[in-house]
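In: mind folding the following:
(2 chains)
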Amino acid sequence: MIHLYALVRGLAALPPRGGIGGASLRAVPIEDVVAVVGDDLPETSDRDAPLEHGLAVEALAEVADAVLPVRFGERFGDDEELVAKISPRLDQLRSRLTAVEGCVELGVCLADPREPESERAANGTDYMRLKLEERRLTERLVSALHDPLERRAHASVRRRPLGGFAHDAAYLVARDDAATFRSIVDRFGAAHPEITVVCTGPWAPYTFAEPEARP
Amino acid sequence: MSVIEPRPRPLEEQITLIELVDRVLNAGVVVHGDITLAVADVDLVYVGLRVLLASASTLDRLAATGDSK
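Out: Predicted coordinates:
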């Protein structure tokens, strides 16, 4: 079994940090695209495996011109099978590599930890009125954060927020612009101390690796 | 005499790990249409972590409010 970490272009050398379980990485050239794989992984991974996969991809992003991270769990019997699966998609992968070259991904989340007033509504009518009001305020807050970031980014994907978040998005940003981008998010957070705004990354461009934006 | 409590992982670091694992499991190039994840409890792990994160920010905020009073 071989495990696929990423598809890259312009890879000078494999990073010294290995892959899952510290196993070494190997480059499989498929025309001008390089698949970075690991060999002889056990059938079942432990809980650290996804994190180690992620760290290997981040290390590749440091040294390659362009990296398309591969979702955890893509395994192949041998190199031949890998090449057969990847080859039909080479054109599409090349165009994604071009789209993400020189860019990093930044994540931005917004959470509002305040107890909603609607929780204390006296009756159903009040509840609906407060609920609508809250939704309007949240939408206004989210667009005040998101709109300028979206304009600055090469691409952005808003995700369905989970676990109490009002906003959860990924932005594809020029590597040189990442620090400025982050400072815009930090300034927004400082101006709104009543809510939590978090910027994470820079990451390899996971969210922008496939042509369709994911929901 | 005061006892120094061991500090939990800083929020920033927790978020960083959660965000990375979330991406690794849910985004990136997909080659096989349908991956069967060979990791035990992985869905529960990442959803649970994101919920934890939201609670952690709430706790941090409460702690900060408590300090300033």
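In: could you pick out the longest helix of chain A?
Out: In chain A, with assignment by DSSP state H, the single longest helix is helix A:124-152.
In: packing partners of it?
Out: strand A:103-111, strand A:155-158, strand A:165-174, helix A:178-191 (3 or more Cβ pairs under 8 Å, 6 or more residues apart in numbering or on different chains; DSSP states H and E). Using the backbone N, CA and C atoms, a C-beta is placed for each residue, glycine as well.
In: angle of the following helix or strand past the last one against helix A:178-191?
Out: I take that to be helix A:178-191. Proceeding N to C from helix A:178-191, the next assigned helix or strand is strand A:196-203, under DSSP states H and E. Per axes from the mean of the first three to the mean of the last three Cα atoms, to 10 degrees, the angle that strand A:196-203 makes with helix A:178-191 is 170 degrees.
In: got the angle for strand A:196-203 vs strand A:103-111?
Out: 160 degrees.
In: now do strand A:196-203: distance to the chain's middle.
Out: 11 Å (Cα atoms, centre = their mean, to the nearest Å).
In: what's the angle between it and strand A:165-174?
Out: Going by the same axes, to 10 degrees, strand A:196-203 makes 30 degrees with strand A:165-174.
In: contacting residues around strand A:196-203?
Out: With Cβ atoms under 8 Å, 6 or more residues apart in numbering or on different chains as the test, strand A:196-203 has contacts from A:58, A:61, A:104-113, A:145, A:173, A:175, A:178, A:181-182, A:185-186, A:188-189, B:12, B:15-16, B:19-20, B:23, B:57-58, B:60-61.
In: in TSV: the helices and strands packed on helix A:124-152, plus mean neighbour count, distance to A:Met128 and mean pLDDT.
Out: Converted to TSV, the helices and strands packed on helix A:124-152 look like this (neighbours: other Cβ atoms under 10 Å in any protein chain shown; distance: least, Cβ to Cβ, whole Å; pLDDT from 0 to 100):
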stretch	mean neighbour count	distance to A:Met128	mean pLDDT
strand A:103-111	24	24	92
strand A:155-158	18	26	94
strand A:165-174	22	19	92
helix A:178-191	15	30	95
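In: nearest to chain B, out of the ones you listed?
Out: strand A:103-111 (5.3 Å; Cβ to the nearest Cβ).
In: so what strands line up beside that closest one?
Out: With DSSP bridges as the test, strand A:103-111 is paired with strand A:165-174 (antiparallel), strand A:196-203 (antiparallel).
In: got the angle for the first one vs helix A:124-152?
Out: Angular relation of strand A:165-174 and helix A:124-152 on a 0 to 180 degree scale: 10 degrees, by the same axes, to 10 degrees.
In: got it, and the last one?
Out: Using the same axes, to 10 degrees, the inter-axis angle of strand A:196-203 relative to helix A:124-152 is 30 degrees.
In: please export the C-alpha coordinates of strand A:196-203 as PDB.
Out: Extracted in PDB, the C-alpha atoms of strand A:196-203 (Å, rounded to 0.1, in the frame of the first residue of the first chain):
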ATOM      1  CA  THR A 196     -14.100  35.900  19.300                       C
ATOM      2  CA  VAL A 197     -12.400  36.200  16.000                       C
ATOM      3  CA  VAL A 198      -9.600  33.700  15.200                       C
ATOM      4  CA  CYS A 199      -7.300  33.600  12.200                       C
ATOM      5  CA  THR A 200      -5.400  30.300  11.600                       C
ATOM      6  CA  GLY A 201      -2.700  29.400   9.100                       C
ATOM      7  CA  PRO A 202      -0.900  29.900   6.900                       C
ATOM      8  CA  TRP A 203      -1.900  26.400   5.600                       C
END
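In: okay, buried residues for that strand please.
Out: A:Thr196, A:Val197, A:Val198, A:Cys199, A:Thr200, A:Gly201, A:Pro202, A:Trp203 (16 or more other Cβ atoms under 10 Å in any protein chain shown).
In: and of those, the nearest to A:Leu149?
Out: Set against A:Leu149, the nearest of those by Cβ to Cβ is A:Cys199 (9.4 Å).
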